[in-house]
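**Student:** Below are the sequence and a predicted model for it; my questions follow.
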Amino acid sequence: MANRKSLIVQANLLNKDFPQSVTKVKKDDRLIWESTIQPTPLSAVYTIKLECHYYSKMQKLIVKVTDPFPLPLANGEDKLPHVHSHEKQHLCLYYLGDFNYSKPFVKTIIPWASEWLLHYETWACTGTWNGGGIEH
């Protein structure tokens with residue numbers, strides 16, 4: 001945990017690449033970041049929210065889509081694929097061990113969210129999830 005980037009550093013990196021974003025850091029133990037992303041030039045524009053909490057011995061990271069909310073489902077489907085929470089739209093972006101807090105969110109979590117949204121767009125049209133991963 002000593003190698004983790006401070007949330008101030010994470011916020012600065014995010015704001016540099018996403019100057020239109022809204023960022024709040026509280027006591028260097030909580031980061032809330034919201035911005036728009038567009039997976040491809042032909043994609044819709046989505047608003048995502050990243051919430052990161054540093055606790056004494058653990059971290060918690062949540063990424064969710066806030067606009068549009070809820071995300072429209074593919075025809076015949078009753079829930080989103082590859083999310084931790086269908087109701088809250090908490091995206092599943094990585095396997096345990098694929099990410100650690102020493103890595104910049106702007107180089108990991110945000111591109112992964114954009115890739116998730118690209119797979120979501122394909123799924124919404126075809127009903128087939130091509131993004132891999134495991135069911136929750």
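**Tutor:** Great, that's in hand.
**Student:** now stretch 33-41: mean pLDDT?
**Tutor:** For stretch 33-41, the mean pLDDT works out to 97.
**Student:** Now tell me what touches it from outside.
**Tutor:** 11, 14, 18, 20-24, 44-51, 66, 105, 110, 113-115, 117-118, 121 (Cβ atoms under 8 Å, 6 or more residues apart in numbering). Where C-beta positions appear, they are placed from N, C-alpha and C, glycine not excepted.
**Student:** Would you show me how to pick out the buried ones of those in PyMOL?
**Tutor:** Selecting the buried subset of the contacts of stretch 33-41 in PyMOL, with 16 or more other Cβ atoms under 10 Å as the burial test, is done by:
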select buried, resi 11+14+18+21+23+46+48+49+50+51+105+110+113+114+117+118+121
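**Student:** residue ranges with poor pLDDT in this protein?
**Tutor:** 1-2, 56-58, 135-136 (pLDDT under 70).
**Student:** And for it, the residue most distant from the center?
**Tutor:** No residue in the chain sits farther from the centre than residue 76, which is 25.3 Å out by Cα atoms, centre = their mean.
**Student:** Distance from the chain centre to the longest helix seen in the chain, please.
**Tutor:** Determined from DSSP state H, the single longest helix within the chain is helix 109-126. Averaging C-alpha positions (Cα atoms, centre = their mean, to the nearest Å) puts helix 109-126 10 Å from its chain's average.
**Student:** So which elements touch it?
**Tutor:** Helices and strands touching helix 109-126, by 3 or more Cβ pairs under 8 Å, 6 or more residues apart in numbering; DSSP states H and E, are strand 30-37, strand 46-54, strand 59-67.
**Student:** for the ones you listed, which one sits closest to residue 6?
**Tutor:** Evaluated over the helices and strands packed on helix 109-126, closeness to residue 6 peaks at strand 46-54, with 8.7 Å, by Cβ to Cβ.
**Student:** if we can go back for a sec, okay if I get the helices and strands packed on helix 109-126 as a markdown table plus distance to residue 95?
**Tutor:** Shown next, in a markdown table, are those (distance: least, Cβ to Cβ, whole Å):
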| stretch | distance to residue 95 |
| --- | --- |
| strand 30-37 | 22 |
| strand 46-54 | 18 |
| strand 59-67 | 14 |
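**Student:** Good, we can wrap up now.
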